[in-house]
Structure formats: structure tokens, C-alpha cells
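Undergrad: give the three-dimensional model of this entry:
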Amino acid sequence: MKKNPKSNKRVKKYRFRLKSGNPTIEKKILKKEFPKGELGNEENDIDLMMIFGLDGEAKKRNPEHYREVKKNLDSQRKIKGAQEYVVESQNGEFEKKYREMRKKSGGKILPTAIFLVISFVLELFVFYNEGLFERLTILYHNSIPPLAALQILLLICAFNYKSYIKGMGLITGRASSASVFTVSSTVMCIYYIFLAVMGAVGIEEGTAMYNLYLTPTSLLALYTAVADYADTTRKYNAFLGVSEKGEKHVLTVKKLSEGHVGRYSPDGKNMITVEKARFVKDFVKRSNSEYKEGRHSRRMILLSLLVALGMGIYKVFAGAELVSAASACIMTMMLTMPFSILFSYSFIFGGGASVASASGCTIVGNGAFEDYSESTAVYFDDTAVFPPSKIKLKGFRAYGENRIDTLLYIINAIYKKIGSPAAAIFEKSVGDYDEKFDIDILDVSSSGIRGAVNGGTVFVGGIGYMRDCGFEHEDFAHDEKIDPGISVVYLALGHSIALKAYLEYTMESDIPKIASLLKRQGMYLGICTCDPSINDEMMNVRIPLEKYPIGIMKSIEGKDSDKCKKEISGGIVSSKGEESLLSGLIVAVKASSIFRTDMIIKGFVFATGVILSAVFAIFGKDGGVGMWYMLFYQLISALPTLFLLSGLSDRV
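TA: The predicted structure follows:
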């Protein structure tokens, strides 16, 4: 079929109008601007309509091609049963999806809170019966209280069924924050069924010989509902950040090949680099990723169950009744189960994502916090460490018969070739130079560059590099004594020195703070550069290298991050530039450090719970401690996590 150039021209003209986000409006615009017959059934036209999200109209125009394209697209979108975000035309669909998820998740909080109040009132009825409650004698029937508690708990689980199902990942080793809710509610249901079957309610001075512990369990359910709402809100906000139009800066984790020159050797280890892309892929996969070190919470949950079972067996052998032994078992589980792990996941990672978002950076998924803190090196492009706007050309001098504009053009071309931040300074000095040279980079060393200009050899570097290459000049002795904050760069053509330039590099003020933070995480900050002026000696003048672990990688391979790719996968994204990205990285490392510290504290809380359980079981009454003590303990155990969160508020 003959192409219709007029229609393609109009598609381009009205492309911005087709991004309204409302399919009905888009359809009207398309029909108005492209009447039937003008926008034909050509495959390119159908592809354009599908890109704009007008699937219905595309299906009418060419059903066969529509089905073929949709089948291919759907195969890309499906990842382990979940629909993946693969093209920008899905923006409206995914935004609506996450908005609805957040709405449904928030709708669970109020019913769960109401059930918490009902649970609290029920326990008051049964165990603190005074005044009006004394008349409600039906509540003292042996099986009524546990059956009532069972019904309430089942309703709570029904409202939070998604969290319950998610928590079942503990069985396959994929523990999450919801695992605590799943295990606790399951054990409590078994406990209530056991009490109802046994039919044993003993009232002694107003207190039963067992405790329902329904209120602490309902409080845990409320924690879970709030945590789930926080997680879905974070996913929604993360998608809004990732789906922004235009060029995005992305932190990626990669492995280096061998042969890189630097103070530290990153060979074969993970490193983080800054990349640029127009589309960030694998969003769904990353947003559902979990923090791998959360496996410690799985161990604590299993240990809690084992200790609780052991306590129940001890009570039986100590002569206690089965009901009292079961109550002591549940008490132990309540004291040792890491309920506050919900705060660790949702508040620490959610808080970290919020702080990063305030800096214009998006952190996708819990796994991103671990991915970027596990790497041994964090490499930034030299333009991020030494912004071109902060580099000054303090002076230059030409030698021999060479034209100054020719020399400046050559050194500018070389600096542009290696991606040096100083290229912008020489660019200004070159002006409208019209002569062209064939320039190639032959070798990059720690302190200089060897290249070829129109077949001839050229050297660019400092005094030490020039001497190593066999050059000597009367200005070397003088330049060795100048201010160490000024970098002297020589350009040699053939066998003689042709040009020298004095450059002043000003480092980004946040670099020492970033290096210090990475040092505490066992990582070092690297600078990916080919600039001969950026070396250990130059860095040591600006920041003491014995105090801050900073490495410099000299390689052309590491300098491809300045190119904007079509798509890339990454967990830390920003559309506001590298400065915002650095803030997001610092937050991710901080949050990861806080989470690890919190896991250690959880270990102490677990040990404290075991000790308290033993004390109550040996010296306390049968049936364990009351509801009030358990509520107080659960709230107190969450305070360390809330205290640690203050560390995230320290903005970079």
C-alpha cells in the first residue's frame, strides 16, 4: 500500500496532543486530525496508534497486524506472571494500576483499626470483668471467648489476605515483613481452636488462667496494614519518578574487566557507575525485590517458634495444665517474635525512599538498598567530581613555531575524546577554528595520554609523565615548585614540547562526605577518568587519601557513561542530574547501614524476650503475663527502630 507522508507529518505534529492520558480524548483527536482513509492501514500507522495507546482504533484499522504486535508486546511484558513496564505508552495504565493498589491498601487500615478496638474490648470483657461486664455471664461459657477471638482474627486476616499470602513466602525461604503477621496469626488461630476444644476457662481473682493475646495480635495486623499502604505508596511514587519524560541519570551495578590502572584494584568486583538513558526497564521486577539480608528475620521467626515450643514443653513437664502451658507458649512467641520488623522494612526503606525523593531521586524496590551497598566500589564520572563549571584555565604558553590556536584545538580534541571535564575550558579558547585533524587515543596511563594526530605521535600529561616518555624542558624545574593546587599539563608533538597549560580543578564539596560514608560501609569512592591531571597526587592535595578511600580508574571503557542509552536497568534514578543521584546513593547506603544495625538490635530484643519468658514461666503465674504488659513491650521494642530513623533525616 502506498505510504501517506501527509499522515506521518500530522502524527508528528499532533504527537504532544495525543499524550493527554485520556483514551477517549485521544481517540477523538486522532479521528479529527486523521479521518478514515487518510490514515491508512499501513503497519507504521498502526504501530504509531499502539504507541499512543489507541489499541481499539488500531485493531479496527488492521486487526491482523494489531494481533501480531500485541502478541510480541505481551510476551515482553510478562515476567513471572507479573506485567512488566516495557514501553512509555504503558504510563497511563501503570499509573492507574498503582493508584488503585494504593487506594485498596489504604482502605484496609480503618477496618483493621476497628477490629483492634473490638479485640481490646473483648479482652476487657473476659479478664477485667467489673461493673456492667459482670452481668454478661454468657461470656464466661468455656468456649465463647476463644471462638470470638478466632472469628475476629479470621476477619482481620480476610481484610489483609494479600499480606497473609505474601508472608507465606517464608516457607520457600523468601521471608518478608508480612511473614511475621502470617506466622503469628496462624499460630494464634491454632491456639484459639485448641482453647475452644479444651473448653477450659479458669477465673481466679478476676484473671483467667490463660490469656487470649488478641489485642497484641490485632495491633500487629494494624502494623501490617500500615506497612502495606506505605509500600504501595512508595511503588506508586517510584513509578512516577521512573516514568518522567526526558533523559534520566541511573546508577548501575557492573563488573570491571582486568587491566585498569588505579590506587585500588576493582578487577572482577562489582562497581557502581552513573549512566544516562531515556527509559528505565525492569521496574516491576525491581519494585518487588526484597532486601536479601532480610533472611535474618526468617531465622528469628523460626527461632521464636522453637523457643516458644520449648517453653510450652517445659511447662508441661513442670506440672502445669495444658491450657496454661499453651498460654505460656504463646506468651513466649509474643515476647520473642520480631513484630517491629515491620518498621524495619517499611519505615527504614520507605523513609529512605522519601528522603531521596525530596532530592529529586527515585529508589526502586527494597533490593536496591542492598545492591548499591554491597558493591566494593562506587565510581563516578570525573565530570561529577570536578564539574566543568568549576575548572579554570589559569594560563597557557606555546613553544616553537606551532600556532597557538592549532595547539589549543589539538589538546581540546584530545580532551573531548577522553571525556575530560576540562574540555569545556579549551572549547571556549578554540573558538571557530576550521582546520580538522584525525585524532586517535593510543594509550591511557595513570598520569598521561599517548595519541596520534594525523599519523604523528602526541603526548599529553604532567611533568612526571613527560620525563618517563623521554622529554626534558627548562620549565619543568620551575613548574614543579608552583602551587600544588594548580595542575600543569604539557602537550608534546613528535619529539618536542609544544604547549603547556595551567588548570585549576575545584572538587564538588560533597565528595569528602560521600567518601567518608562509603568508608564506613567498607567501600571506596572511585573516579572514572582519563584526564592526566586527575591522579592520586592531585587528589591528595584536595582530600587526604590516607583518611578517605578514593581510587582513580584510568580507562576509556569507564567513560561511556556520558552517552545517553535508549534503555537501561537500574535501581536509583534521577531526572535532575548527577547531584541528585549522589544524594540518592548516600541515602541508600545510610538506610542499608541502619537496617543492619536494626537487625543487631532485633537480636538483643529477641534475647531479652527469651529471658523474660523464662522469668515469667518459672516465677510467674500460670497463663503468663497480661495483655497490658504485652502491649507495652511490643510498643517499647519498636522504639529503637524509630530512633534509628532519625539518621535518614541528615540530608546531603
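
Undergrad: and Ala614, how many neighbours does it have?
TA: Counted with other Cβ atoms under 10 Å, residues neighbouring Ala614 total 15. Where you see a C-beta, it was placed from the backbone N, CA and C, and this is true even at glycine.

Undergrad: got any ranges where the stretch 151-300 of the chain has weak pLDDT?
TA: 172-175, 199-210, 255-270, 292-296 (pLDDT under 70).

Undergrad: kindly recompute the last result at 80.
TA: Applying pLDDT under 80 to the stretch 151-300 of the chain flags the ranges 169-177, 198-211, 254-272, 274, 289-298.

Undergrad: quick one, helices of it?
TA: For the stretch 151-300 of the chain, the helices defined by DSSP state H, counting those that start in this stretch occupy 161-167, 178-198, 214-242, 283-287, 295-317.

Undergrad: where does the prediction get shaky in the stretch 501-650 of the chain?
TA: Of all residues in the stretch 501-650 of the chain, those with pLDDT under 80 make up the ranges 514, 517-523, 554-566, 577-583, 616-631, 634, 638, 641-642, 645-650.

Undergrad: all helices for it, in order.
TA: Per DSSP H, counting those that start in this stretch, the stretch 501-650 of the chain carries helices over the ranges 511-520, 536-542, 578-619, 627-637, 639-644.

Undergrad: most tightly surrounded among the ones you listed?
TA: Stretch with highest mean neighbour count among the helices of the stretch 501-650 of the chain: helix 578-619 (a mean of 20; mean count of other Cβ atoms under 10 Å).

Undergrad: would you mind finding the longest strand in the protein?
TA: Determined from DSSP state E, the single longest strand within the chain is strand 496-505.

Undergrad: buried set for stretch 402-422?
TA: For stretch 402-422, the neighbour count (16 or more other Cβ atoms under 10 Å) marks 406-415, 417-422 as buried.

Undergrad: picking that back up, make a markdown table out of the helices of the stretch 151-300 of the chain and add distance to Ile152.
TA: Formatted as a markdown table, the helices of the stretch 151-300 of the chain follow (distance: least, Cβ to Cβ, whole Å):
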| stretch | distance to Ile152 |
| --- | --- |
| helix 161-167 | 15 |
| helix 178-198 | 10 |
| helix 214-242 | 7 |
| helix 283-287 | 33 |
| helix 295-317 | 22 |
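
Undergrad: quick one, which of those gets closest to Leu493.
TA: Closest approach to Leu493 among the helices of the stretch 151-300 of the chain (Cβ to Cβ): helix 214-242, 48.5 Å.

Undergrad: before we move on, the earlier item: and Tyr524, which of the helices of the stretch 151-300 of the chain is closest to it?
TA: Across these, Tyr524 has its closest neighbour in helix 283-287 (25.3 Å, Cβ to Cβ).

Undergrad: re the thing from before, so which of the helices of the stretch 501-650 of the chain is nearest Glu100?
TA: Smallest distance to Glu100 across the helices of the stretch 501-650 of the chain (Cβ to Cβ): 27.2 Å, for helix 578-619.

Undergrad: which residues does Arg450 bridge with?
TA: Residues in a beta bridge with Arg450, per DSSP bridges, are Asp443, Phe459.

Undergrad: tell me the pLDDT of Ser324.
TA: Here the pLDDT value assigned to Ser324 is 80.

Undergrad: pull the number of nearby residues for it.
TA: Neighbour count of Ser324, defined by other Cβ under 10 Å: 23.

Undergrad: and it, how far is that from Leu306?
TA: According to Cβ to Cβ, to the nearest Å, Ser324 and Leu306 sit 20 Å apart.

Undergrad: do Phe349 as well
TA: Distance check for Phe349 against Leu306: by Cβ to Cβ, it reads 28 Å.

Undergrad: what is the neighbour count of Leu306?
TA: Count around Leu306 with other Cβ under 10 Å applied: 11.

Undergrad: which ones are touching it?
TA: Counting by Cβ atoms under 8 Å, 6 or more residues apart in numbering, Leu306 touches no other residue.

Undergrad: next one, pLDDT for it please.
TA: At Leu306, the model reports a pLDDT of 91.

Undergrad: related to what we said a few turns ago, just so I know, which of the helices of the stretch 151-300 of the chain lies nearest Lys96?
TA: Ranking the helices of the stretch 151-300 of the chain by proximity to Lys96 (Cβ to Cβ) places helix 214-242 first, at 10.4 Å.

Undergrad: that closest one to helix 627-637, inter-axis angle?
TA: 30 degrees (axes from the mean of the first three to the mean of the last three Cα atoms, to 10 degrees).

Undergrad: filter the buried residues of stretch 402-422 down to just the ones in strands.
TA: Using DSSP E, no member of those falls within strands.

Undergrad: pull out the buried positions in the longest strand of the chain.
TA: For strand 496-505, burial by neighbour count (16+ other Cβ under 10 Å) applies to Ile497, Ala498, Leu499, Lys500, Ala501, Tyr502, Leu503, Tyr505.

Undergrad: list the contacts of the second one.
TA: Looking back up the chat, that one is Ala498. Ala398, Tyr399, Gly400, Asn402, Leu407, Leu491, Ala492.

Undergrad: which of the residues you listed sits closest to Arg450?
TA: Comparing the contacts of Ala498 against Arg450 with Cβ to Cβ picks out Ala492 as the nearest, at 9.8 Å.

Undergrad: go ahead and confirm that closest one touches Asp468.
TA: No. In this structure Ala492 lies outside contact range of Asp468 using Cβ atoms under 8 Å: 11.9 Å.

Undergrad: and Pro549, backbone torsions?
TA: Main-chain dihedrals, Pro549, degrees, to the nearest 10: phi -80, psi 100.

Undergrad: give the bridge partners for the residue nearest to it when sequence neighbours are not counted, please.
TA: In space, and not counting its chain neighbours, Pro549 is closest to Tyr524: 3.6 Å by Cβ to Cβ, 6 or more residues apart in numbering. Listed by DSSP bridges, the beta-bridge partners for Tyr524 are Ala377.

Undergrad: list the beta-bridge partners for Val489.
TA: Bridge pairing for Val489 - DSSP bridges - gives Ala501.

Undergrad: picking up where we left off before, output the helices of the stretch 501-650 of the chain in CSV; the columns should cover distance to Asp479.
TA: Compiled in CSV, the helices of the stretch 501-650 of the chain are given as follows (distance: least, Cβ to Cβ, whole Å):
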stretch, distance to Asp479
helix 511-520, 26
helix 536-542, 14
helix 578-619, 32
helix 627-637, 64
helix 639-644, 52
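
Undergrad: related to what we said a few turns ago, Ala492 and Asp468: which is more packed in?
TA: Ala492 (24 against 14).

Undergrad: and the host helix or strand of that one, average pLDDT?
TA: Ala492 is part of strand 486-493 when elements are defined by DSSP states H and E. The average pLDDT for strand 486-493 rounds to 91.

Undergrad: what is that strand packed up against?
TA: Applying 3 or more Cβ pairs under 8 Å, 6 or more residues apart in numbering; DSSP states H and E, we find strand 486-493 packed against helix 404-418, strand 456-461, helix 463-468, strand 496-505.
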